[in-house]
Every structure is written in structure tokens, then in C-alpha cells.
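> Sequence first, predicted model second:
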Amino acid sequence: MNSFFEPQDSRKSVFSRSAEKTPRGGFTLFEILLVVGIAAILGGIMIVMLFSQRNVRELNDTARKIAAALRESQSSAAVQKFGTQWGVLFNNTSTPPYFAIFSGASPDPSTTQSQNPLPERVRYYDPANNYSKSVAFSQITGTPVDPYTGLPDPSFQVIIQLQESESESSTITVLPTGAIAYNLLECSIVYGCQATTVVLPPGGPQQEDPGTGGRIRRGGGGPR
């Protein structure tokens, strides 16, 4: 009897050992937590990038609007609209800060033609807090001058930046020739933020395409 059942016991033993060696399905708790942790990290990065892209887009839009205001003022002076020079005031003494187009020799509430507040997430770096500055354009030539002295302004600039990130900024410059330059930021997870400089030739149309009037230079980041 014992010899008859012995092979069965041996086969059972072999089957048992085989079952023990067969990997079981499913995931361990550690594996599940690891996947959840990675997903949470990636989700957090994406949320931060979405908010950052929104803020950078608002900064770029503000730089474009300031450049447009400068160009409008320059064009009005060049055609001698109202028979006077025109300029733009950048006011950082009020809440919210703003920039305004004015006609006449110097900024004055009575000659303000339009006024634009800065967005909530954008602020001035230059002019500094509680200060203001302005630039005017001479008649016919449209070149920049000091609105109070009438002397040529060698290089007028305004710097705006994000409220939450001082490193993300844009410089808008009026060159002595009357050309207007400003920075646009392009941001990515891999390369961070890179600055593209748009240059509007004196008296030319406002374009960001180098094939239609605006010359573009690429740089390694915005001004600090």
C-alpha cells in the first residue's frame, strides 16, 4: 500500500513546490504608492507650468501694449497731430500702476489721451515704487526727447516683471533712433525661460515677424 501511494505523494510534493515558485498576480503596496507618488509629482509640475505660462503670457501681452502705446505716441508726434509733441507717462505712484499717452510738452491730466492700468500680476521694476517717468517724441522726426527739457533722450527704458517672480521680466526700450525694442519670454520645463527681443524700426509698422518689419533677436533670458 505504501509503495502504491508513494508516487502520488511525490507528485503532490512536486506540484506544491511548483505552485510556490509561480509568481502571483497583482501589485504590492509599495508599487502602488510609488506609481501614485510619481503621478502626483508630475501633476504638480503640470499645474505649476500652467500657472507660470498664464503669468508669462500676461507679462508678454503687457510688454506688447506698452510698445503699442509708445508707437502710437511716436506716430502722433511725427504727423504733428494737434501741432505738438506726444509722449507716454509710466506711473508707479498709484494703485494700480498705469501707463498713459499724453499730448503736449509734458504729462498733464488735462492732456491725457488714454490710460492703461497694469494687470494685477504685473508690476513695474523701473520706474521704482512711488516714482514715475515719461518719454516724449519730437514732431516730424519722432525721436525720443526728455519731455521737460526737450533734449534728446539717449536711451529710455521701462522694466516690468511678474509679481511672483522677479526673474521673469521684460524691458521696453526706446532707442535714440526712435526704434522700439521689447522682450518676450518663452518658457519650457526643460530650458526654463528664454527672452526674444522684438525691435520695431523707427516709424515702421508694429510687427513681430522679421519678414514683415520687426527684427527679432534671441537672448538667454530677460533683464534682471
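On my side now, so go ahead.
> Nearest the geometric middle of the protein, what residue?
Centroid check for the chain by CA atoms, centre = their mean gives V56 as the closest residue, at 2.8 Å.
> Quick check: it touching L185?
Yes - between V56 and L185 there is a contact at 5.0 Å, judged by CB atoms under 8 Å. For every residue, glycine as well, the C-beta is placed using N, CA and C.
> Tell me where the model's unsure across this structure.
Low-confidence segments of the chain (pLDDT under 70): 1-25, 42-52, 189-190, 203-224.
> where along it do the strands fall?
Assigned by DSSP state E, the strands in the chain fall at 86-91, 98-103, 112-117, 122-126, 132-137, 144-145, 156-162, 169-174, 180-188, 192-200, 215-218.
> ok, and what's touching the shortest one?
Which is strand 144-145. Strand 144-145 is contacted by residues 85, 135-138, 151-153, 156, 174-176, 178 when judged by CB atoms under 8 Å, 6 or more residues apart in numbering.
> which of those residues lies closest to T196?
L175 (17.3 Å; CB to CB).
> tell me the contacts of that closest one?
Applying CB under 8 Å, 6+ apart, we find L175 in contact with P144, S155, A181.
> and if you look at E168?
With CB under 8 Å, 6+ apart, E168 has these contacts: N55, V56, L59, Q161, L162, L185, C187, C193, G222.
> Same check on A63?
I160, S170, I172, Y182, N183, L184.
> ok, now which ones touch the third one?
So the one you mean is I172. A63, I66, A67, L70, Q157, V158, I159, I160, I180, A181, Y182, N183 are the contacts of I172 under CB under 8 Å, 6+ apart.
> Out of those residues, who's the most crowded?
Greatest neighbour count in those, by other CB atoms under 10 Å, goes to L70: 28 neighbours.
> Verify the stated contact: it with I180.
Yes - under the criterion of CB under 8 Å, L70 makes contact with I180 at 5.3 Å.
> coming back round to it: what's the closest of the contacts of E168 to Y125?
Q161 (4.9 Å).
> how many other residues sit next to the closest one?
Neighbour tally, Q161, other CB under 10 Å: 21.
> before we move on, what about L89?
As a burial measure, L89 scores 23 neighbours (other CB under 10 Å).
> Distance of S165 relative to C193?
9 Å (CB to CB, to the nearest Å).
> Compare neighbour counts for these two and give me the winner.
The residue with more neighbours, out of S165 and C193, is C193; 17 against 14, by other CB under 10 Å.
> burial measure for S73, as a count.
By the criterion of other CB under 10 Å, S73 has 27 neighbours.
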